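*Asks:* Sharing a model prediction with you, sequence too.
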Amino acid sequence: MAKKTNIKQLKGIAKKIRQNIVKMILRSGSGHLAGSLGMADVFTALYFGGILNHDPKRPNMRERDRVIMSAGHICPVLYGALAEANYFPKRELWSLRKLGSNLQGHTVYKSIAGVENTSGPLGQGISQAVGLAYALRYFDKLSSRVFCICSDGEHDEGQLWEAVMFAGKHKLSNLVVIVDRNHIQSDGNTKDIMPLEPLKKKYEAFNWQCSEVDGNDIKEVIGALEKAISSKIGPWCVIANTIPSKGIKFMESDYKWHAKVPTGDEAVEALKELGLSSL
Ligand SMILES: Cc1ncc(C[n+]2csc(CCOP(=O)(O)OP(=O)(O)O)c2C)c(N)n1
Ligand SMILES: [Mg+2]
């Protein structure tokens, strides 16, 4: 896909992805807004900032890079980005979480073009990503990369650290984990529920390379991901410091919006903040 380096253009795409997220969750009446909105800039960098080797017209091409959703509940940001990149028609978005829909509340493998894994139980997607990275490199001998989207709350899962240890042992430089470091989880702030710091040092102790960026600064994210994929040493962890619910001021940085859906006046205000007058 052609690389779009113009930051203004990329910011416009991130806004459209945010609009998609809010519209699809409002229409469905359920879904995870905070993490999805916070990660819109990271997904813009991946799909539109020249990071991924992908082609929406050939979603199954063998040599493609894979995006694995470990934090499957923030799939509205994936769906919103895929629709924006023309993997499928936008009208599909409005079927989010409906019975029989291709767009479930957590990703379902091959349900629709561009979805690469089934998700739900936190901590498991990273194991899928590590296995995939290992197989692509050592069995298939492909240069494809695997980008795994993890959340910070997900680091409370022991299985995640087993996968991190395995990837470090096998020096999987084709693997990049992006951590949505938004400091919230379902029922509170991460520092109160399970403090994670020093997170960067933890990854480094497991023989990973690790960098930290402002996850809402598209240029910074692109820079960090370019560094990660051009490095021969790996695996890489990019800790993306994001603002949960970014783009809707009254929801920002409040864990209560982890999975809450705005109603009435809140919904009107949310749409207005994203430049929309109606659903
Ligand atoms: C193994 C497992 N336990 C619990 C859940 C329920 N759950 C879904 S999202 C979530 C919060 C995890 O924190 P985080 O992903 O950081 O939340 P966010 O930043 O998106 O608000 C929990 C506990 C789950 N999906 N899987
Ligand atoms: Mg979180």
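*Replies:* Good, I have the coordinates. Ligands and ions are numbered 1, 2, ... in the order given.
*Asks:* Model confidence for G123, exactly?
*Replies:* pLDDT, G123: 97.
*Asks:* Can you give me the distance of it to H155?
*Replies:* 8 Å (CB to CB, to the nearest Å). Where you see a C-beta, it was placed from the backbone N, CA and C, and this is true even at glycine.
*Asks:* Kindly report the same for K272.
*Replies:* As judged by CB to CB, K272 and H155 stand 35 Å apart.
*Asks:* which of the two has more neighbours?
*Replies:* For K272 and H155, the more surrounded residue by other CB atoms under 10 Å is H155, and the numbers stand at 22 against 11.
*Asks:* That one falls within a helix, correct?
*Replies:* Yes - the assignment for H155 is a helix, going by DSSP: H, G, I helix; E, B strand; the rest coil.
*Asks:* contacting residues for it?
*Replies:* H155 makes contact with W161, V179, M194, L196, L199, according to CB atoms under 8 Å, 6 or more residues apart in numbering.
*Asks:* tell me the SS of C150?
*Replies:* strand.
*Asks:* From the structure, what's the count of residues near N53?
*Replies:* N53 sits with 15 neighbouring residues when counted by other CB under 10 Å.
*Asks:* Now do S30 against H73, distance only.
*Replies:* Distance from S30 to H73, counting by CB to CB: 11 Å.
*Asks:* what touches both of the two?
*Replies:* Shared contacts of S30 and H73, defined by CB under 8 Å, 6+ apart, comprise G105, A259.
*Asks:* mind checking which helix or strand the closest residue to ligand 2 within the stretch 1-150 of the chain is in?
*Replies:* Nearest residue of the stretch 1-150 of the chain to ligand 2: G35, at 6.0 Å (CB to the ion). Element membership of G35, judged by DSSP states H and E, is helix 33-38.
*Asks:* for the record, mean pLDDT for the helix or strand following that helix?
*Replies:* Toward the C-terminus, helix 33-38 is succeeded by helix 40-48 as the next helix or strand (DSSP H and E). Regarding helix 40-48, the rounded mean pLDDT is 98.
*Asks:* Pull the contacting residues for the residue sitting nearest the centre point of the chain.
*Replies:* In the chain, the centroid-proximal residue (CA atoms, centre = their mean) is I149; its distance is 4.6 Å. Going by CB under 8 Å, 6+ apart, I149 touches M39, V42, V67, I68, M69, S70, A71, I74, L78, G125, I178, D180.
*Asks:* ok, the second one - how many residues close by?
*Replies:* Looking back up the chat, that one is V42. When neighbours are counted by other CB under 10 Å, V42 registers 29.
*Asks:* At the contact with ligand 2, which residues of the stretch 51-200 of the chain appear?
*Replies:* Within the stretch 51-200 of the chain, the residues that sit near ligand 2 (CB under 5 Å from the ion) are S151, D152, G153, N182, I184.
*Asks:* my read: I17 touches V42, true?
*Replies:* No - with contact defined as CB atoms under 8 Å, I17 does not count as touching V42 (10.3 Å).
*Asks:* returning to that earlier point: type out the ChimeraX command that picks the buried ones from the residues of the stretch 51-200 of the chain next to ligand 2.
*Replies:* Of those, the buried ones go into a single ChimeraX selection, burial set by 16 or more other CB atoms under 10 Å:
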select :151,152,153,182,184
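*Asks:* now, among the residues of the stretch 51-200 of the chain next to ligand 2, which is nearest to ligand 1?
*Replies:* Closest to ligand 1 out of these is G153 (2.1 Å), distances taken as CB to the nearest ligand atom.
*Asks:* neighbours of the residue lying closest to the closest one once chain neighbours are set aside, just the number please.
*Replies:* Of all residues not flanking G153 in the chain, Q185 sits nearest, at 3.1 Å (CB to CB, 6 or more residues apart in numbering). Q185 has 23 neighbours, counted by other CB under 10 Å.
*Asks:* quick one: the strands in the stretch 1-150 of the chain?
*Replies:* 66-69, 146-151 (DSSP state E, counting those that start in this stretch).
*Asks:* Tell me if the shortest one is near ligand 1.
*Replies:* No - looking at strand 66-69 against ligand 1 by CB under 6 Å from any ligand atom, there are no contacts, and the closest approach is 11.2 Å.
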